[in-house]
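Colleague: Quick one: sequence and predicted model below, then my questions.
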Amino acid sequence: MKSIITLLLTLASLQLIAQDRQLVDYVVSKVGDEIILLSDVELKFKYEEERRGYLPEEVKCNFLEQIMGEKLLVNQAKLDSVIVDDGMVEQQLSGRIDQILGMMNNDISQFESYYGKTVAEVRNEMREDLKSQLTAERMQSEVMANIQITPKEVKEYFDVIPKDSLPYFSSEVEVGEIVVNPKISPEERAKSIKKLEDIRARILAGEDFGELARLYSDDAGSARLGGDLGLQKRGTFVPAFEAAAYNLTEGELSEIIESEFGFHLIELLERRGNLIHTRHILIKPEITEADLEQTVAYLDSIRQIYQNDSVSFEEMVKRYSDEKVQSYNNGGRMLNPATGNTFFETAQLDVDIFFAIDTLEIGEMSAPIEFTKQTGEIAYRLILLQSRTKPHQANLSQDYTKIKNAAIEARKNSYLNDWLEEKVQSTYVEIAPTFLSGCPNLARWVKTKTISP
């Protein structure tokens with residue numbers, strides 16, 4: 001999540017730089033050897049305003065203090081020889097540039113037109129900011145590396161919370177799943193291969209690949225573009241597709257390739273270093289009602305094994321569940337994408353799962369449920385209810401982990417704030433009068449110096 005937020009900030013900053021090249025810039029603060037420009041504050045303000053809507057001008061005071069805190073960490077990192085390896089900076093820089101280009105279908109001309117700079121120029125502009133950010137994060141981690149909390153301290157933290165301020169938690173559940181994909185019948189598999197063989201013959205006979213992709217491809221996203229997948233780097237496609245595509249020469253048409261999505265014809269249009277430009281035609285074998293019924297019957301038999309045998313649920317997952325779903329490597333437990341843990345408020349569950357477990361006792365397993373995977377494929381799953389809490393006000397017996405995490409975060413924030421206060425006393429700080437006079441929150445940073453604009 002942190003890397004996604006950083007990328008969004010990078011995109012916003014680059015766009016604002018491109019739009020506001022005429023900004024009159026000057027130094028608004030110095031923290032040790034680090035300087036902060038007016039543009040640093042303005043870019044953060046504009047980004048947050050676009051994200052949240054209207055913001056009053058006074059919040060620039062808070063943004064400047066946030067940046068000063070980061071610069072204080074960077075300055076101290078230099079003094080303490082806390083170093084971020086240049087190789088790490090370059091690796092993350094390449095990753096972020098690749099992500100930005102990927103959003104633009106790896107069209108370098110679009111990138112340069114949008115930002116008014118070459119990729120190399122943008123890369124150079126991002127480098128120092130990224131290194132500063134990574135250094136601040138590394139220094140903050142060093143500062144808080146040894147922060148721990150005992151059960152007694154967790155209780156003390158909980159006991160000082162006013163009873164009428166304790167949060168009220170909704171009912172939460174933990175659920176596990178066994179996922180099974182319908183198997184394609186030999187007849188449907190043969191039918192799909194024959195259809196694609198006929199299309200391939202028509203292309204070799206001179207018909208237009210793009211037109212046939214628009215007519216027949218089951219990949220709706222690329223079909224309207226004549227099957228065009230754009231310029232992509234290695235690692236973008238599933239292994240079977242990628243292996244075939246990288247073995248083609250420019251202008252060559254592949255044999256029929258099978259992947260988890262179906263059967264493909266691939267044409268390599270261009271190779272540019274590690275990037276390839278391809279187009280494809282996808283034919284997905286039809287899943288028949290008989291295939292679906294057979295899958296449901298298979299899952300019913302798995303459910304019977306669980307109910308009648310002494311085999312653990314985790315073992316059942318290893319034997320029967322789809323290895324490619326997230327829960328497979330978590331003993332079947334489903335992770336809540338909103339929190340990163342295994343607990344779901346009932347309102348966060350898919351409707352089908354909610355109703356499937358509504359009448360279950362803990363340890364019971366649902367009947368097979370049909371669902372649609374992110375790839376658009378139909379699959380089935382069995383749901384195991386592993387735990388359930390009733391709606392309740394926060395308490396140590398049921399919510400110890402949540403309370404412990406909150407106590408640790410509070411301690412970290414307090415410790416970091418105390419550390420910053422201490423370092424401010426021994427660090428040379430200057431602030432421009434334009435900010436100092438209108439920002440009461442900056443008073444704790446003031447020594448004897450101000451900056452003339």
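Modeller: Received it, and whenever you're ready, just let me know what you need. Residues are numbered from 1 along each chain as shown.
Colleague: pLDDT wise, what is Ser94 at?
Modeller: Ser94 carries a pLDDT value of 85.
Colleague: Report the buried residues of the helix or strand it falls within.
Modeller: Here Ser94, judged by DSSP states H and E, is contained in helix 86-103. Using 16 or more other C-beta atoms under 10 Å as the test for burial, helix 86-103 gives Val89, Gln92, Leu93, Arg96, Ile97, Ile100, Leu101. C-beta here means a position set from N, CA and C on the backbone, and glycine is covered the same way.
Colleague: Please name the residues that touch the last one.
Modeller: Right, the one you point to is Leu101. By C-beta atoms under 8 Å, 6 or more residues apart in numbering, Leu101 lies in contact with Asp107, Ile108, Phe111, Val119.
Colleague: now that we have the residues you listed, which one has the most neighbours?
Modeller: Using other C-beta atoms under 10 Å as the neighbour criterion, Phe111 leads these with 20 neighbours.
Colleague: quick one: contacts for the residue lying closest to it once chain neighbours are set aside?
Modeller: Of all residues not flanking Phe111 in the chain, Met104 sits nearest, at 5.5 Å (C-beta to C-beta, 6 or more residues apart in numbering). If you count contacts by C-beta under 8 Å, 6+ apart, Met104 has them with Gln110, Phe111, Tyr114.
Colleague: how close does the first one get to Thr236?
Modeller: Right, the one you point to is Gln110. 18 Å (C-beta to C-beta, to the nearest Å).
Colleague: And the helices in the stretch 251-400 of the chain, which stretches?
Modeller: Secondary structure of the stretch 251-400 of the chain (DSSP state H, counting those that start in this stretch): helices located at 289-308, 313-320, 351-357, 396-425.
Colleague: Would you format those helices as CSV with mean neighbour count and mean pLDDT included?
Modeller: Output for the helices of the stretch 251-400 of the chain, formatted as CSV (neighbours: other C-beta atoms under 10 Å; pLDDT from 0 to 100):
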stretch, mean neighbour count, mean pLDDT
helix 289-308, 14, 94
helix 313-320, 17, 95
helix 351-357, 16, 94
helix 396-425, 14, 91
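Colleague: wait, which of the ones you listed is closest to Pro440?
Modeller: helix 396-425 (15.7 Å; C-beta to C-beta).
Colleague: list the helices and strands the helix or strand following the closest one packs on?
Modeller: Once the chain leaves helix 396-425, the next helix or strand it forms, by DSSP H and E, is strand 429-431. Using 3 or more C-beta pairs under 8 Å, 6 or more residues apart in numbering; DSSP states H and E, the elements in contact with strand 429-431 are strand 27-31.
Colleague: From the chain's centroid, how far away is the strand it packs on?
Modeller: Put simply, strand 27-31 sits 34 Å off its chain's centre (C-alpha atoms, centre = their mean, to the nearest Å).
Colleague: that older thread, tell me which of the contacts of Met104 fall in helices.
Modeller: Among those, the members found in helices (DSSP state H) are Gln110, Phe111, Tyr114.
Colleague: Which single one of these is nearest to Gln148?
Modeller: For those, the nearest to Gln148 is Phe111 (45.9 Å; C-beta to C-beta).
Colleague: isn't the closest one right up against Gly102?
Modeller: No. Here Phe111 does not reach Gly102: they are 10.6 Å apart, not a contact under C-beta atoms under 8 Å.
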